[in-house]
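J.: just coords:
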């Protein structure tokens, strides 16, 4: 929502200022310039990126429109879910968890957490970690390093769409110049005609430069930055989960493992100690009848 509002503010401010100076709005309506600049930008995206990056770019752009899911509520829900799993392991043993991680969609541990079921990578990240610990041959420091590399590869993949979009943004002023040069070529062919016609063609050529710069700094570059910030928030979230998983493998009590993860959460979305304690107590109370 804020992305849409921000773009509207950009265009509203530019057009509003233009009208305040008694500019003619229809001068900015140059379909050919839009076709040249945006069409060329789309072409460079298709040339420079494989289908996987294009798909990720579309997904990332849609994600920026929806807003960040990494709120205090999600962190609290994630830590509560991990606490329930750690408690289950503590009471029943790690071997009892095998059926749950093999079929998480049917698991009573995972099914109640809709956010986890929708995020396939995070679900696999958690389940695969427990699969590794079941082997009994993974030391905590080895698991820590393995999860670090897993997150790093995932983060690098998520950054590709942002880098590609930023590359296109950097090229837009140049594409605007291309459109302007083409406009000048057309203008030169009209020399000797009515001054009004020549003036109109010169204005159209300058609009090309204007659009290239506006789309670069007012749309594409901010969108790339928004995607990068979203990726950073996801990285912080995964590092938080990693902290809890590694602490649990080291033998920490469930409440200490999730408290370790809570301290890794960014301050603006970090649940308080009391909120986490209350959520975990509720999870423990809900699990007692089932365990009995």
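T.: Okay, I see it. All figures in this text were calculated on a predicted structure; none of them were measured in a lab. Numbers count the residues shown, from 1 in each chain.

J.: So residue 271 is in contact with residue 79, correct?
T.: Yes: with contact defined as C-beta atoms under 8 Å, residue 271 counts as touching residue 79 (7.0 Å). Every C-beta, even on glycine, is put in place using the N, C-alpha and C of the backbone.

J.: Overlap in contacts, the two.
T.: Shared contacts of residue 271 and residue 79, defined by C-beta atoms under 8 Å, 6 or more residues apart in numbering, comprise 262, 279.

J.: between those two, which one's more packed in?
T.: Taking residue 271 and residue 79 together and counting by other C-beta atoms under 10 Å, residue 79 has the greater number of neighbours (25 against 22).

J.: which ones are touching that one?
T.: 240, 244, 258, 261, 262, 271, 276, 279, 280.

J.: Grab the nearest non-local neighbour of it.
T.: residue 258 (4.5 Å; C-beta to C-beta, 6 or more residues apart in numbering).

J.: ok, back up a step: which members of the contacts of residue 79 occur in helices, if any?
T.: Judged by DSSP state H, the subset of the contacts of residue 79 located in helices is 240, 244, 258, 261, 262, 276, 279, 280.

J.: Pick the one among these closest to residue 40.
T.: residue 240 (41.8 Å; C-beta to C-beta).

J.: didn't that closest one look like it was pressed against residue 260?
T.: No: using C-beta under 8 Å, residue 240 is not in contact with residue 260; the gap is 9.4 Å.

J.: before we move on, the earlier item: which residues touch the residue nearest to residue 79?
T.: For residue 258, the contact set (C-beta under 8 Å, 6+ apart) comprises 79, 80, 82, 83, 86, 244, 276, 280.

J.: Grab the nearest non-local neighbour of residue 121.
T.: Leaving out its chain neighbours, residue 121 is closest to residue 154 (C-beta to C-beta, 6+ apart), at 6.4 Å.
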